Every structure is written in structure tokens, then in C-alpha cells.
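Visitor: Sequence and computational prediction follow.
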Amino acid sequence: MSVVPPRQAAFLSVANLDETGAREDKALATEIMNYLRAFAVSHGVNSGHIRQMDERTLLLRLDELPREAFLQAILGMTEDSRNLKTPGNEQVPLKIRVGAMSERAMRSFVNDAAQDMLAYMNHADCASAFLTGDEIDIWRKFESSNIEFISHEQLKYLDPFSGLIKESRFFTLLQHILDDFEHCDPKARVLFFDIEDFKSYNRTFGLERGDELLLHVARTIKGQFPTDVVAHLSIDRFAVVTNSPDVMRKCAIIHEDTKAYHKSFAPEIKCGIFKVDPLVTSAHVALDCAKIACESVKGRYDVSCRIFDGDLRERLFTRRYVARHAEHAVSNQWIRAYAQPVVDTTTGEVCGFEALARWDDPNRGILSPAIFIPTLEEAHLIHKVDAYMVNEVCRHMSEELRSGRAVVPASVNLSRVDFAICDIFEIVRETCDRWHIPHHMLAVEVTEGALDGTANLRQEMDRFRAAGFEVWMDDFGCGYSSLNLLKDYEFDVLKVDMEFLRDMDANARSKTIVASVIEMAKSLGIRTLVEGVETEAQRDFLCDVGADMMQGYLFGRPLPLELRAF
Ligand code: C2E
Ligand code: CA
Ligand code: CA
């Protein structure tokens, strides 16, 4: 019987290329590769069987070695690699990953098995790994060594960037757990993590630094849940299934660690937790619950983590209801226009109003826009609501004018989605003209979110301004790039986010911030409107620091437009 020699391969890859300086220094890079070649040859690898795979990796063909000798060589290289010094820089130890593959895995080499394996090893920070094929038994006796054995199957489910489990695999694993609820640990939890404003981070520091942050977060999460299912769902979203009893503490550590990673930006990672329960049998719904809990703490500075509870369950049901009835609500005028007064700080008189939408539901009563706007945006129906609101405002103004009453200007909210799905400028212009409302009587409010897309929104803003409409920036200060936007866009009014007033009494710095924003806007020739004014103390402070306009419950809550006579 002829013995077919096994096809075997291994690789040596430099894990700390940046620390050695070889990425910048081509001569050093070559020197390190030559040094690694010599290292492999000293472990019995034929120099003709060594090939460079990329800037940091050597591929070693070891077909001719018997298996025992092959594994011994891998073990030897792993052992000796701990003492490697970087040529020319003795201070930095050269950190090497030794990967080995069996014949079966070798065949899929063309499918980047080595790259996937490296991602896995980098993530798990393991020095050597053996990718097993179907002949796993042969290697069993080496299992007590410090080589980590990983299966080809295992690799297939890993995200090559982060080394974490892929989304599809996550759902399969979670579904298995839910299907077997009776045997499921009552402590089982589904965790959803989301990095806030990751887009701004990328934009400010570049994609490469963004990737580094993502890898850091991936490792931090895995570090807290080393033996649990940890998945990379999409760019800046991660999920975990765990039975760990102290989940809250771990989430707090992840939050702090992520914040500390970049001192000035202080990235916020938010977490939603869903406690597995027999009523939820679908993995997608379970993750949705964790996601909703996570979204509920978005933008909050004081909490980073929330458990899915009764309140959120109600919100989930309402959201589903909204999604199902969205079309109907829009076409049957369940949406109603409310108006809230805006007051001139100097005169104390009403100088305008903001139109705010309400969903007046025959079964559920009045629903807040915080619930239905995001759902309508997702369903690409929001432009219908916004167009309807503009029409209601113009109709109301036109009626007031016709009956000889004085009218004040109004502002309407536009969603970022409006700009993507319709010509919102044309809709606003046509509506105003149809009702004979002068353009200066209407302002459009846009948030930072509307301006961070790729579309040419600057041009859209210019169209509004050129036609005589005012453009107001809403929620100024609640995102990271507000200041940047002032550089690139021209606004007529800044609406200062109400969050600043919320903790004005407790936090003296909030006062300083509001005062400086107002001063800065003045020097740029932009008027200011501060939202969320609820107390006389807040009003007095805003008069002192020279805000132009104010809006809030102190002056009036939103009421149906037809009940308002401004
Ligand atoms: P926004 O544009 O920042 O609107 C201000 C929100 O603060 C309103 O909530 C208003 O009722 C509330 N508010 C006003 N004064 C005070 C106060 O003194 N204290 C407190 N705590 N809250 C105050 P509302 O009406 O629930 O609207 C929420 C958000 O929904 C709005 O935030 C806006 O972003 C969005 N929205 C509302 N109507 C529309 C619409 O027609 N189209 C679009 N695209 N978005 C809308
Ligand atoms: Ca607004
Ligand atoms: Ca606002």
C-alpha cells in the first residue's frame, strides 16, 4: 500500500508590526522577514518552501514532514517565538503568531482560511493555533500543549475583521437557546451594544482609527464575556448571549473602558439587556427587545445600560402597531398639527410657533412623535407627514390672514429622510405658494442627523434660503459635530437643545456652555432660540445672557393648531 504524504502548511505572522516600526520602514520590514525565514529554517523548514504571503506573513509548505515531526516543529516554533527580538530594535520583542493547517484546511486556503485564522488568533491573542480538518484524532495527544485547536467550521462563522461570531451564526445559536427554553439557564440574557456617534468618530479621526476603536471595543466585550457567545452584528453593533450573574457590572466596565480609550472624544457605548423569557420565542424578537432597551438610553449622559422592562414592552407593541397602521394613519388624517409658541426674549411677546405632529389614534388616543416618527422614517412615509404638516400650517395661516387677524411666522420640522426620498423643497415651496403664504413666514428645522449624509444637502439648504425660507438648526449641541456644521452650513437660527437647561441648576457648566453658544452664534450673525424653558429662573438666565427667543412649557405647551390664535 502506498502512503500518500500529507499536505501540510504553516504560517508565521508578525502580530505587532506597528510597534516594531516595520510598517513605515521598508528596510526594517525586509530585515524582519529575513529574520523570520532564518528562524523557520532553524526549525527544519526547507528554505525553498517558504513564501511571503503579505507584509507581515510567511507561508511555510511542510508537505514532506511526517505529522509528528510537523507538529513538533509547530510546537518548537511557538515555544521559541517567545524569545524573538526585533532586529535593530532589541527593546521590542517580536510577537509572532504560528498557525498550522491540516490537509483538508489546506484545500480551502484559496478561500482565505489563513486570513480568517489570523483574525481569530489576533482576537483571541493566541500565539499558535491549529486549524483541524477531518483527521482531528491524530492531533488529540497534542491538545494539552499550548496550541489552540480550532475547527474549520468554527472559522466559517467568524467575522474576519473582529474575530467575533457573525450575525447569521448569532441568530442560529440564540434560536437554539430559545428553542430549548426549559433547559435554558434562568440567568440567560441577550445584550445589544451600540457605539454612539461612531460616524462622527470616523469622520473626525479617519477610517483607520475608526477600525482601531472597533477592534478595541470587540476585544473589550470579549474580554468581559470570554466564554460566551459574542457577535459582531454590523459596523458598530455587537451582541452577547450570557448566563453571567453580574452583567450590569460588566457592561459598566465596557462603557468606562470604551470612554477611556479616547480621552477627548470619549466614545459612548450603550447597552440594552433582554432577560430571556418564555413568551419570546424568536431570536430576532429577543434581539429587538435588547435593541429597544439600548435605544432608550441613546443620547443620555447619565445612563449607559438598560434592562428591557414593562414600559419598553409597551413601547415595542406600540411601535409594531404604528408600523402596521402607518399608511392608514397618513391617508386618513390620524395625524394632527399641534403648535407651541415661541417668545421674543426682549418683548416677552409671542413671535412665532413651532408645528409639532401628533398621531390621534381612534384606538389608542394621542401618540407622541417620539414613538411614531422613527417608525415612519423607517417606512419611508415621513415625507407624507411633513408635507401634510406644511399644508396644515399654511392653510391655518391663510385662514387667519383672510379673517384679518395678525399672524406670526411658523417653523416646521423636516426629517433627514425627506431629503432622500422626495424633493422636499419643491413640496414646501409649492404648498406655500398655493396658499399665498410669503416664504419668510416659514422656517424649516433640520437636525444634525439630516446633514451627515452623503447627499448634497448643502445645496438643498441653499435652495430654501435662496427662495426666502429660513433654515434653522434644531437640537444644537446634542450631537458631536454641531460646531463643525456651523462651519459648513449657513443657518438663520440655532435652536439650543433642551438638555442644557435640564441640569442648569445642578451643573454650573451647562450655564457656561449655553452662554458661550449664544455669544458665538451672535458673532456669526445667527439668532438663537433656547428650547425647553420650564422655570422662571431659566427664563431670567436666558434674558441675562441675551438669547433671542425662547420656547417651552413656561410659555405654553403644544396645542391643536386650530385652538391657537397667535
Ligand atoms: P423637537 O423638534 O426638538 O421638538 C421639541 C419637543 O420638546 C416637542 O416634543 C415639545 O413638545 C417638547 N417640549 C417643548 N417644550 C418643552 C419643555 O419645556 N419641556 C420639555 N420636557 N419638553 C418640551 P414632541 O412634540 O414630542 O416632539 C418630539 C420630536 O419629534 C421633535 O423634537 C421633532 O424632532 C419630532 N417631530 C415632531 N413633529 C414632527 C414633524 O411634523 N415632522 C418631523 N419630521 N419630526 C417631528
Ligand atoms: Ca424642532
Ligand atoms: Ca429641538
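Guide: Done, it's in. Numbers count the residues shown, from 1 in each chain. Ligands and ions are numbered 1, 2, ... in the order given.
Visitor: For residue 121, which residues are in contact?
Guide: 15, 97, 99, 127, 129, 148, 163 (CB atoms under 8 Å, 6 or more residues apart in numbering). C-beta here means a position set from N, CA and C on the backbone, and glycine is covered the same way.
Visitor: Report the buried members of the residues you listed.
Guide: In those, burial by neighbour count holds for 15, 97, 99, 127, 129, 148, 163, counting by 16 or more other CB atoms under 10 Å.
Visitor: Mind listing the strands the helix or strand harbouring the second one pairs with, and their directions?
Guide: When elements are defined using DSSP states H and E, residue 97 is found to belong to strand 96-101. Neighbouring strands of strand 96-101 in its sheet, by DSSP bridges, are strand 9-14 (antiparallel), strand 128-132 (parallel).
Visitor: I'd like the ones you listed as CSV, with distance to ligand 2 and mean pLDDT appended.
Guide: Shown next, in CSV, are the strands paired with strand 96-101 (distance: least, CB to the ion, whole Å; pLDDT from 0 to 100):
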stretch, distance to ligand 2, mean pLDDT
strand 9-14, 53, 86
strand 128-132, 54, 71
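Visitor: Which one of those lies nearest to ligand 3?
Guide: strand 9-14 (50.9 Å; CB to the ion).
Visitor: Would you mind extracting the C-alpha trace of the closest one into PDB?
Guide: What follows is strand 9-14, C-alpha atoms only, in PDB (Å, rounded to 0.1, in the frame of the first residue of the first chain):
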ATOM      1  CA  ALA A   9       1.200  24.100   5.800                       C
ATOM      2  CA  ALA A  10       2.000  26.600   8.500                       C
ATOM      3  CA  PHE A  11       2.500  30.400   8.700                       C
ATOM      4  CA  LEU A  12       4.400  32.800  10.800                       C
ATOM      5  CA  SER A  13       2.800  36.200  11.100                       C
ATOM      6  CA  VAL A  14       4.100  39.300  12.900                       C
END
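Visitor: Now do the same for residue 338: helix, strand or coil?
Guide: strand (DSSP: H, G, I helix; E, B strand; the rest coil).
Visitor: ok, what's across the strand from it?
Guide: residue 356, residue 560.
Visitor: What score does it have for pLDDT?
Guide: At residue 338, the model reports a pLDDT of 96.
Visitor: What of the one 5 residues further on?
Guide: Confidence per residue is given as pLDDT, and for residue 343 that number is 98.
Visitor: Assign a three-state SS to it, would you?
Guide: strand.
Visitor: what about it, distance to ligand 2?
Guide: 16 Å (CB to the ion, to the nearest Å).
Visitor: do the same with residue 67
Guide: Relative to ligand 2, and taking CB to the ion, residue 67 is found at 70 Å.
Visitor: list the contacts for residue 467?
Guide: Here residue 467 is in contact with 425, 429, 439 (criterion: CB under 8 Å, 6+ apart).
Visitor: Which of the residues you listed fall in helices?
Guide: 425, 429 (DSSP state H).
Visitor: May I have the beta-bridge partners of the closest residue to residue 248 other than its chain neighbours?
Guide: Here the nearest residue to residue 248 in space, its sequence neighbours aside, is residue 305; by CB to CB, 6 or more residues apart in numbering that works out to 6.4 Å. Note on residue 305: beta-bridge partners by DSSP bridges are residue 271.
Visitor: does residue 305 really touch residue 251, like I thought?
Guide: Yes - taking CB atoms under 8 Å as the definition, residue 305 is a contact partner of residue 251 at 4.5 Å.
Visitor: which neighbours do the two share?
Guide: Joint contacts of residue 305 and residue 251 (CB under 8 Å, 6+ apart) are 271, 273.
Visitor: quick one: pLDDT of residue 565?
Guide: For residue 565, pLDDT reads 66.
Visitor: meant to ask about residue 106, not that
Guide: At residue 106, pLDDT is 49.
Visitor: Please apply the same query to residue 367.
Guide: 91.
Visitor: now do residue 405
Guide: At residue 405, pLDDT is 90.
Visitor: and residue 407, what element?
Guide: Going by DSSP H and E, residue 407 is not in any helix or strand.
Visitor: Ligand 2 contacts on the stretch 351-500 of the chain?
Guide: Residues of the stretch 351-500 of the chain found near ligand 2 (CB under 5 Å from the ion) are 413, 445, 474.
Visitor: Dump the residues you listed to JSON lines, plus neighbour count and pLDDT.
Guide: Formatted as JSON lines, these follow (neighbours: other CB atoms under 10 Å; pLDDT from 0 to 100):
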{"residue": "413", "neighbour count": "22", "pLDDT": "97"}
{"residue": "445", "neighbour count": "21", "pLDDT": "97"}
{"residue": "474", "neighbour count": "24", "pLDDT": "94"}
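Visitor: Kind regards, and thank you for your time.
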